[in-house]
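**Student:** Here you go, sequence then predicted model.
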Amino acid sequence: MMQLFSTYIKVQKLFAVNRRKVLVFVSKKTYPRRLRAIRIANAVNKVEGVPVTESAHRLSAQWARGEITGKAMRKALLEKHRRASHE
């Protein structure tokens with residue numbers, strides 16, 4: 001329990017900008033790896049000339065913090081792009 005609490009305090013300081021206190025169940029190793037994966041994906045999109053939308057940034061941040069799963073993130077992005085293509 002103490003380990004979880006100390007991790008929560010560190011995460012709370014990390015996300016003080018959000019002003020939300022969300023208990024995050026992402027390990028110390030997983031979070032930096034997820035951030036790196038997001039940076040690489042954004043860089044690849046930039047090289048390809050594909051702009052990364054604000055909603056994609058928001059979903060990626062939620063995934064990195066462990067608020068949503070990768071599957072939920074993909075589903076939300078695909079749904080958004082399907083709606084945009086039908087308009």
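**Tutor:** Yes, it's here.
**Student:** Restricting to C-alpha, output the host helix or strand of I40 in CSV.
**Tutor:** Assigned by DSSP states H and E, I40 falls within helix 30-48. What follows is helix 30-48 as a C-alpha-only set of coordinates in CSV (Å, rounded to 0.1, in the frame of the first residue of the first chain):
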residue,chain,number,x,y,z
THR,A,30,5.4,1.7,-18.3
TYR,A,31,4.8,5.5,-18.3
PRO,A,32,8.1,6.6,-19.9
ARG,A,33,7.7,3.8,-22.5
ARG,A,34,4.3,5.0,-23.4
LEU,A,35,5.4,8.6,-23.7
ARG,A,36,8.3,7.4,-26.0
ALA,A,37,5.8,5.5,-28.1
ILE,A,38,3.6,8.5,-28.4
ARG,A,39,6.5,10.8,-29.4
ILE,A,40,7.6,8.2,-32.1
ALA,A,41,4.1,7.9,-33.5
ASN,A,42,3.7,11.7,-33.6
ALA,A,43,7.1,12.0,-35.3
VAL,A,44,6.3,9.4,-37.9
ASN,A,45,3.0,11.2,-38.7
LYS,A,46,4.8,14.5,-39.0
VAL,A,47,7.4,13.0,-41.4
GLU,A,48,4.5,11.6,-43.4
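**Student:** give me the number of residues near L59?
**Tutor:** 21 (other C-beta atoms under 10 Å). C-beta coordinates here come from the backbone N, C-alpha and C atoms, glycine included.
**Student:** Let me see the confidence value for it.
**Tutor:** Residue-level confidence at L59 comes out at 93, pLDDT.
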